[in-house]
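K.L.:
return atomic coordinates for the entry below.
(2 chains)
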Number of protein chains: 2
Amino acid sequence: MFTGLSAFPLSPVAEESIDEPAFAGLVSRLHLAGVDSIGALGSTGSYAYLSGEQRKRIAELAVDAAEGTPVLVGIGALRTVDVLRHAEDAQNAGASAVLLAPVSYQPLTDDEVYGLYADVTARLSVPLCVYDNPGTTRFTFSDELHGRIAELPNVASVKIPATPEDQGEARARVRNLRRHVPGHVSLGVSGDSAGAGGLLAGCEAWYSVLGGLWPGVCLRITRAAQRGDADEARRLSGLLTPIWTLFGRYGSVRVVAAIADHMGLTGSLNLPRPLRELAGEERTQVEDAVRTVLPAVEN
Amino acid sequence: MFTGLSAFPLSPVAEESIDEPAFAGLVSRLHLAGVDSIGALGSTGSYAYLSGEQRKRIAELAVDAAEGTPVLVGIGALRTVDVLRHAEDAQNAGASAVLLAPVSYQPLTDDEVYGLYADVTARLSVPLCVYDNPGTTRFTFSDELHGRIAELPNVASVKIPATPEDQGEARARVRNLRRHVPGHVSLGVSGDSAGAGGLLAGCEAWYSVLGGLWPGVCLRITRAAQRGDADEARRLSGLLTPIWTLFGRYGSVRVVAAIADHMGLTGSLNLPRPLRELAGEERTQVEDAVRTVLPAVEN
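P.N.:
Numbering: from 1, shown residues only, chains lettered A, B, ... in the order given. Predicted coordinates for the structure are as follows:
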């Protein structure tokens, strides 16, 4: 399940509660589109902001609405004891795998992060994807540390940040990491603007934010890259440039939340406070980009 | 209460539970030493790692053991609804004030941080100290944003990161911030190596980690600075240089946890996982520093 397009839907929040019908609808669209896996409670799924009960409920809703498409569930938390509880809940909900980032408040040392993964993987009954996201965790993995963690039981994939835009550098990045990470552990790219480039550089999966909302075009990019059609993968990703630009400017979660509302897939208030929905000129930019891009990528 | 030495004790954690007698003992020492206020559940108090119930309990223990010394309680959390709950619990426990940092997972915008403080201060019945700690929250306040937030009701102090080592630059830093922050809101320095310098540069309070463990010498530094005896404040702070160096190297919470164990004030496992106690050579360095420094500062 750690290959191809892994699509990460928003967890729409209304008045501090989960908008359950909207979330189930988002997941169902992904299943119907034929994504390879669904990533519930990723960063876009606001895992860090939700209570244990809400996370449990989202995992259950996702597995149910996914109708057999494998579901990966985010279990990250600041404290190890909470991570273990979320892992237990995700497994009980029927998750096919879990996703764990080294969420931090005090900046963590390499040994602390290794200890976290050792403590968690020792207690898992499903595979784990290591979530390397320095933009939210502010922890930077060395390739050596990735290698040490990848040797732990149950580690099945590593979700890495955006690969470099230059294709030679992207290939070198994946090749260098692969020297440390054994072959049975897949490498997946995130940072959506790097999806096509990462897959073409040798990543086996694309862990995608936009894939959680626009699975069609993201699947076409993924399939093109998988069959080695670099031109088509790049052409399609290029059409999405206005979206990638807004992701960089406002953060992908805020942009995806605005698009989901614009498309009528969620209510207009859909982010957990203190996060705020884009409004005014920012919102207009998102709507303009959608109007420009959507007709082009549907061709 | 937002002047002088505000001492921030460790929240000792053993087997994922609070070591309640040890915590009460740490707070009691601070009260007996005569600190101006006690900061429970600061970063050193591991607020970000504890459950709501544990935080409520710590607030109650702190107020009880402080025997009238004002207690400031940290209420930060990733989600606004949790911050509001912690504020309510802290107030019910008898906290004299609350401390709030813009804890983040998704990097926050200025408007989101302002919105957080607006939402929280509107519901408070005690004063609030704004906690500016980019090292843990990764949010950087502009002076303009500090000014906007300081105008909100119930804002009574701003806890700023270390002031520059150069005294001229430190004075300029405090002067520039003061241009934006009204006079009824105190400015307090943190980053312990900057305690003496920050007070001498015009800060009215020192929010101190070491003050939570060694209140005697930190009070002597504070009182020297308050009476304008720059030489004595600097001399005493200089004697603590080996400790400040270790704070920088390993993070103050890990060093203070090691010292607390070394002094027999807590058990040997006293940090919440994934944080780990210093061991081996790192621990030896701490013990050597304590042996060097403690006799000197007690003179």
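K.L.:
tell me where chain A has strands.
P.N.:
Per DSSP state E, chain A carries strands over the ranges A:4-7, A:13-14, A:17-18, A:37-40, A:71-74, A:97-100, A:128-131, A:155-160, A:186-189, A:205-208.
K.L.:
Throw those into JSON lines and include mean pLDDT and distance to chain B, thanks.
P.N.:
For every residue, glycine as well, the C-beta is placed using N, CA and C. What follows is the strands of chain A, written out as JSON lines (pLDDT from 0 to 100; distance: least, Cβ to the nearest Cβ, whole Å):
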{"stretch": "strand A:4-7", "mean pLDDT": "98", "distance to chain B": "19"}
{"stretch": "strand A:13-14", "mean pLDDT": "88", "distance to chain B": "9"}
{"stretch": "strand A:17-18", "mean pLDDT": "94", "distance to chain B": "10"}
{"stretch": "strand A:37-40", "mean pLDDT": "98", "distance to chain B": "16"}
{"stretch": "strand A:71-74", "mean pLDDT": "98", "distance to chain B": "11"}
{"stretch": "strand A:97-100", "mean pLDDT": "98", "distance to chain B": "11"}
{"stretch": "strand A:128-131", "mean pLDDT": "98", "distance to chain B": "12"}
{"stretch": "strand A:155-160", "mean pLDDT": "98", "distance to chain B": "16"}
{"stretch": "strand A:186-189", "mean pLDDT": "98", "distance to chain B": "20"}
{"stretch": "strand A:205-208", "mean pLDDT": "98", "distance to chain B": "17"}
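K.L.:
any chance of these in CSV, with distance to residue B:292 too?
P.N.:
As requested, these are exported to CSV (distance: least, Cβ to Cβ, whole Å):
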stretch, distance to residue B:292
strand A:4-7, 54
strand A:13-14, 53
strand A:17-18, 55
strand A:37-40, 52
strand A:71-74, 46
strand A:97-100, 41
strand A:128-131, 41
strand A:155-160, 43
strand A:186-189, 48
strand A:205-208, 50
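K.L.:
turn these into CSV, including mean neighbour count.
P.N.:
What follows is the strands of chain A, written out as CSV (neighbours: other Cβ atoms under 10 Å in any protein chain shown):
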stretch, mean neighbour count
strand A:4-7, 29
strand A:13-14, 21
strand A:17-18, 16
strand A:37-40, 30
strand A:71-74, 31
strand A:97-100, 26
strand A:128-131, 26
strand A:155-160, 24
strand A:186-189, 24
strand A:205-208, 29
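K.L.:
go through these and name the closest to residue A:91.
P.N.:
strand A:97-100 (7.6 Å; Cβ to Cβ).
K.L.:
spell out which parts of the stretch 151-299 of chain A neighbour chain B.
P.N.:
For the stretch 151-299 of chain A, the contact set with chain B under Cβ under 8 Å from any Cβ of the partner chain comprises A:251, A:253, A:272-276.
K.L.:
a markdown table please, covering the residues you listed and showing neighbour count and pLDDT.
P.N.:
Shown next, in a markdown table, are these (neighbours: other Cβ atoms under 10 Å in any protein chain shown; pLDDT from 0 to 100):
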| residue | neighbour count | pLDDT |
| --- | --- | --- |
| A:251 | 21 | 97 |
| A:253 | 24 | 98 |
| A:272 | 23 | 97 |
| A:273 | 18 | 97 |
| A:274 | 27 | 97 |
| A:275 | 25 | 97 |
| A:276 | 17 | 97 |
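K.L.:
from those residues, which two are the most distant?
P.N.:
Farthest pair in these, by Cβ to Cβ: A:251 and A:273, 15.1 Å.
K.L.:
which bits of the stretch 1-150 of chain A sit near chain B?
P.N.:
A:16, A:43, A:48-50, A:78-81, A:102-103, A:105-109, A:111-113, A:115-116, A:119, A:135-136, A:138.
K.L.:
those residues in helices, which ones?
P.N.:
A:80-81, A:111-113, A:115-116, A:119, A:135-136 (DSSP state H).
K.L.:
most neighbours among those residues, please name it.
P.N.:
When neighbours are counted by other Cβ atoms under 10 Å in any protein chain shown, residue A:116 leads these with 25 neighbours.
K.L.:
what pLDDT is listed against it?
P.N.:
Among the per-residue scores, residue A:116 holds a pLDDT of 98.
K.L.:
give the contact list for it.
P.N.:
Residue A:116 makes contact with A:80, A:83, A:100, A:102, A:108, B:273-274 under the criterion Cβ atoms under 8 Å, 6 or more residues apart in numbering or on different chains.
K.L.:
if we go to 6 Å?
P.N.:
A:80, A:102, B:274 (Cβ atoms under 6 Å, 6 or more residues apart in numbering or on different chains).
K.L.:
how much space between the closest residue to it other than its chain neighbours and residue B:233?
P.N.:
Nearest non-adjacent residue to residue A:116, counting by Cβ to Cβ, 6 or more residues apart in numbering or on different chains: residue B:274, 4.1 Å away. Distance check for residue B:274 against residue B:233: by Cβ to Cβ, to the nearest Å, it reads 37 Å.
K.L.:
how about residue A:46?
P.N.:
Between residue A:46 and residue B:233 the computed distance is 46 Å (Cβ to Cβ).
K.L.:
what of residue A:173?
P.N.:
Taken as Cβ to Cβ, the span from residue A:173 to residue B:233 is 50 Å.
K.L.:
regarding chain A, what is its longest helix?
P.N.:
Under DSSP H, chain A gives helix A:280-297 as its longest helix.
K.L.:
so what touches it?
P.N.:
Counting by Cβ under 6 Å, 6+ apart, A:217, A:239, A:242-243, A:246, A:255, A:258-259, A:262 sit against helix A:280-297.
K.L.:
recalculate using a threshold of 8 Å.
P.N.:
A:214, A:216-217, A:236, A:239-240, A:242-243, A:245-246, A:250, A:255, A:258-259, A:262-263, A:277-278.
K.L.:
picking that back up, between residue A:46 and residue B:233, point out the one with more neighbours.
P.N.:
Higher neighbour count among residue A:46 and residue B:233: residue A:46, with 28 against 23, using other Cβ under 10 Å.
K.L.:
for the more buried one, which non-adjacent residue is closest in space?
P.N.:
residue A:11 (4.8 Å).
K.L.:
still on that earlier bit, mind putting the residues of the stretch 151-299 of chain A next to chain B into TSV with distance to residue A:95?
P.N.:
Below are these laid out as TSV (distance: Cβ to Cβ, whole Å):
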residue	distance to residue A:95
A:251	26
A:253	21
A:272	21
A:273	27
A:274	28
A:275	25
A:276	30
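K.L.:
residues near residue A:203, how many?
P.N.:
28.
K.L.:
surely it touches residue A:161?
P.N.:
No - between residue A:203 and residue A:161 there is no contact under Cβ atoms under 8 Å: 11.4 Å.
K.L.:
low-confidence ranges, chain A, go.
P.N.:
Along chain A, the model assigns pLDDT under 70 to residues A:299.
K.L.:
run the last query once more with 90
P.N.:
A:1, A:14-16, A:296-299 (pLDDT under 90).
K.L.:
for residue A:157, which residues are in contact?
P.N.:
A:2, A:97, A:127-130, A:185-188, A:205.
K.L.:
can you tell me how far residue A:236 is from chain B?
P.N.:
Distance of residue A:236 to chain B, given as Cβ to the nearest Cβ, to the nearest Å: 27 Å.
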